[in-house]
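**Q** sequence and predicted structure are below.
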Amino acid sequence: MVLLFAITRTNAQDILRISEKDQDNKTFENPRNVDINSALTLHLDRDSLLKRINAFDSAGTLPANVKALLKDLQTALQKRGEWIDSLQQAVIDYKKGGRKKFEAFNQTRRKVAVEILALLQDQKLKAYFEEDESRDIWLQLTNAITRRIRDLQQELLASPAYADYRIQVGGWLIRNGQTTPLHLEGFDTNPVGEFYEVERWRFLPTPSQLADLQNMETLARMNEQKDMGLAEILRSNYVQLFTKSLEEKVNKGISDLKTEADKVLASLGIAAVKTDVENVLNAAEALKILLVQKISFYTSLKQNPSFSLSMLLGTLPNDITQLNQGQENVRKELKKLEDDINAARDLVNRKAPLLPQIVATMLTDFATAILGSELIGIAGGTSTIADAALAFSDQVLPLSLKDLPEQAITDLRSTGFREAGDRVLVRLVILKGESKKKIYQENNDVRLYRILPHSETTVGVVFAHPLAPTSIQKQFQMAPYFNLLFKEILGASQKWKRRSGLPNTLLDFSLGLHVSSPDFDKDDVPELGVGVVGSTLKDYLQFGWAYNVFHGTPYVFFGIRLPVPSLGSNNTSATTPSEPGNNQ
Amino acid sequence: MATFIELPNDERQVQEHFQQLLDTPDETIVLVLGSDDVAEQARERVQQIVEANRNNSDIFEFVNFVAVSDPNFILPQLRNLENKTGEVLDNLNDYAILSISPFKNVLAEAVTKDRFLRGKGSISTAILKALALG
């Protein structure tokens, strides 16, 4: 059976190629990762497009002379380097070998000239060659050939042999399993997204960070936290706050849905919607059972004699993955419910007017993973949407080959809110015939990271260890902190960051300034510590040295980014002042 | 490396120099003809090519650009050469560039003033034609 539909995810930039222009005006070809505020140019390689179509239309009614000339020109572009090398070598040999070598040199030169003149038999190519003002004959030739190839491609694209084909090109911004269609000028009628620029230079905490800082100050002032070993700190209020916030997050949305669903399930005559509501409630119930199990485990940690930091760090990633998977299941059922509500919108609006809004709110609430996408990555889970599930809307135009633009630019700042780790995926589809049968599909994608120099603020708690005698009797004291981190200042790893995900995530390292408020004399009056901090593992591990100005004591400290959602995680970093509970 | 020579405006000296060039077998000759505005542009263009390719050792090796203010000085000598330009060459004042192949001294390509003005890259075509016939 002939393979009629080929899907490829190209790494070799077949037809679609992406280039990036960043805010420093530097251009990068085929990056794997791009800066979050860059402009992306999508290039279509017409030559590859024609080859791809011809692969499906091998009988072809294309003009043979056009195909032959195109082939000759493309061959010439490749041979150019050989010509130059052979001539240069011939001159070197002649200069070394004298008259004996001159004939060889002359033959080489004659051969190259004859080959080029054969190409120039094409009058249009000759005209382009002679019109070119380059002083370098090779550049003159390259420019002329490139121009002529473009002519021929345009001729081919306008050929009646391709009248049956249509091309669609579209893209999406993918974040936390949600997709937002992009606008590619000339390819679709999607609206341009909201303008949003990720702030590069932030020096002050956001309002949500300030709120979190207050919570952490309260936490740190609790008697138990004043003077504890690390294990003691982790198994007490700190961990309980984490579990409590999980419970709250799940219960809130589900109870609203259940209330509305109970009211209308009896009267709502749409079977699909009823089934979907039941599925959502079942998935939510499963998530709740899982939560109860996890909460029970973590709340009993205090009494667990085998509790240790390594045990906690061993179980936590698995539990996070399971909880996020449970949430993803609820989200998928919510999405099906939303689709069926939209299909029967009028009836739903009459019978259960609050239902659509509740579902939309829940989808928003469940869009963010319970515990942050970076932590999912570290825990080995995934938050990516299945690319195969993406489909073009009617606003992506099916274009004939002759109407196809060669490129489109999309400014990431016009794609709305986004965060590091989000993805942009672009897709090209070739359709054939009245039925618009899809015969080829190609994807290309990039991930967004904060690659250019920038600063970030983080707040959280550290465990401070004084380097001189204080009233602290045990190893550590928990203290809230504010860090100002400077990232990618030297620009040394920008190239690496564009090629690999690791330096953008786990191997991200930065230095910065640290301010915290320990209480070394344990008089309930926070002191002021200032110092320097190093941050790594995507700010999940921070460490440094500081000086308690009031107490006159230096101390070292470390912080581990454990999830405490109700505090906005114990270590929240800033993306924008307008986004509450920022996690990055 | 390519060179540029401006021949003096004396018939006997022009003929002597030109004959010397013809007698040097491995040299490719590209004549820049006339002294009008078009010829001036051609001279300027040729000097730019020579300068740009000063350090290149490939296609411009042993290419001599020779400016002749009055092409009629060398008409008798040109008539003795085989003409493969496809042009009659009755009136050299109509032409901006004339290339001559190495070894065989064949008149390779004659570029009219109109053609030169339409595309100064026609000098490159003239060079290639001369090399192909060498």
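**A** Good, I have the coordinates.
**Q** tell me the mean pLDDT for the longest helix along chain B?
**A** When chain B is parsed with DSSP state H, its longest helix is helix B:37-52. Averaging pLDDT along helix B:37-52 gives 91.
**Q** that one and chain A in contact?
**A** Yes - shown here: helix B:37-52 in contact with chain A (C-beta under 8 Å from any C-beta of the partner chain) through B:48-49, B:51-52. Backbone N, C-alpha and C define where each C-beta goes, glycine included.
**Q** give me the buried entries from the residues you listed.
**A** B:49, B:52 (16 or more other C-beta atoms under 10 Å in any protein chain shown).
**Q** pick out the most distant pair among the residues of helix B:37-52 next to chain A.
**A** B:49 and B:51 (7.3 Å; C-beta to C-beta).
**Q** mutual contacts of these two, please.
**A** Common contact partners of residue B:49 and residue B:51 (C-beta atoms under 8 Å, 6 or more residues apart in numbering or on different chains): residue A:135.
**Q** contacting residues around the residue of the stretch 101-250 of chain A found nearest chain B?
**A** Closest contact between the stretch 101-250 of chain A and chain B, by C-beta to the nearest C-beta, is at residue A:130 (3.2 Å). By C-beta under 8 Å, 6+ apart, residue A:130 lies in contact with B:115, B:118-122, B:124-125.
**Q** so residue A:553 makes contact with residue A:472?
**A** No - assessed by C-beta atoms under 8 Å, residue A:553 is found out of contact with residue A:472, at 9.5 Å.
**Q** so what sits against both of those two?
**A** A:466, A:520.
**Q** ok, residue A:202 - how many residues close by?
**A** 20 (other C-beta atoms under 10 Å in any protein chain shown).
**Q** with residue B:44 instead?
**A** Residues lying near residue B:44 (other C-beta under 10 Å) number 12.
**Q** quick one: the longest helix of chain B to chain centroid distance?
**A** Its chain's average C-alpha position is 12 Å from that of helix B:37-52, according to C-alpha atoms, centre = their mean, to the nearest Å.
**Q** got the CA coordinates for it in CSV?
**A** Only the C-alpha atoms of helix B:37-52 are listed here, as CSV (Å, rounded to 0.1, in the frame of the first residue of the first chain):
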residue,chain,number,x,y,z
ASP,B,37,32.1,58.6,-20.6
VAL,B,38,31.3,55.0,-21.1
ALA,B,39,35.0,54.1,-21.4
GLU,B,40,35.7,56.1,-18.3
GLN,B,41,33.1,54.0,-16.4
ALA,B,42,34.7,50.8,-17.8
ARG,B,43,38.1,51.9,-16.6
GLU,B,44,36.8,52.6,-13.2
ARG,B,45,35.0,49.3,-13.1
VAL,B,46,38.2,47.4,-14.2
GLN,B,47,40.3,49.1,-11.6
GLN,B,48,37.8,48.1,-8.9
ILE,B,49,38.0,44.5,-10.1
VAL,B,50,41.8,44.6,-10.0
GLU,B,51,41.8,46.0,-6.5
ALA,B,52,39.2,43.6,-5.2
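**Q** which SSE is immediately downstream of it?
**A** strand B:63-68 (DSSP states H and E).
**Q** can you list the strands that that following strand pairs with?
**A** strand B:3-6 (parallel), strand B:28-33 (parallel) (DSSP bridges).
**Q** tell me which of those sits most buried.
**A** Between those, strand B:28-33 has the highest mean count of neighbours, a mean of 26, where neighbours are mean count of other C-beta atoms under 10 Å in any protein chain shown.
**Q** extract the C-alpha set from that one and format it as PDB.
**A** What follows is strand B:28-33 as a C-alpha-only set of coordinates in PDB (Å, rounded to 0.1, in the frame of the first residue of the first chain):
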ATOM      1  CA  THR B  28      44.700  37.000 -21.300                       C
ATOM      2  CA  ILE B  29      44.000  40.500 -22.600                       C
ATOM      3  CA  VAL B  30      40.900  42.500 -21.900                       C
ATOM      4  CA  LEU B  31      40.900  45.700 -23.800                       C
ATOM      5  CA  VAL B  32      39.000  48.800 -22.500                       C
ATOM      6  CA  LEU B  33      38.300  50.900 -25.500                       C
END
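**Q** what about the residue in chain B positioned nearest to chain A, neighbour count?
**A** Using C-beta to the nearest C-beta, residue B:119 is the residue of chain B that sits closest to chain A, at 3.2 Å. Residue B:119 has 19 neighbours, counted by other C-beta under 10 Å.
**Q** where's it relative to residue B:81, distance?
**A** 26 Å (C-beta to C-beta, to the nearest Å).
**Q** low-scoring stretches of chain B, by residue?
**A** B:57 (pLDDT under 70).
**Q** near chain A, which residues of it?
**A** B:26, B:48-49, B:51-53, B:56-61, B:102-103, B:115, B:118-122, B:124-125, B:127-129, B:131-132, B:134.
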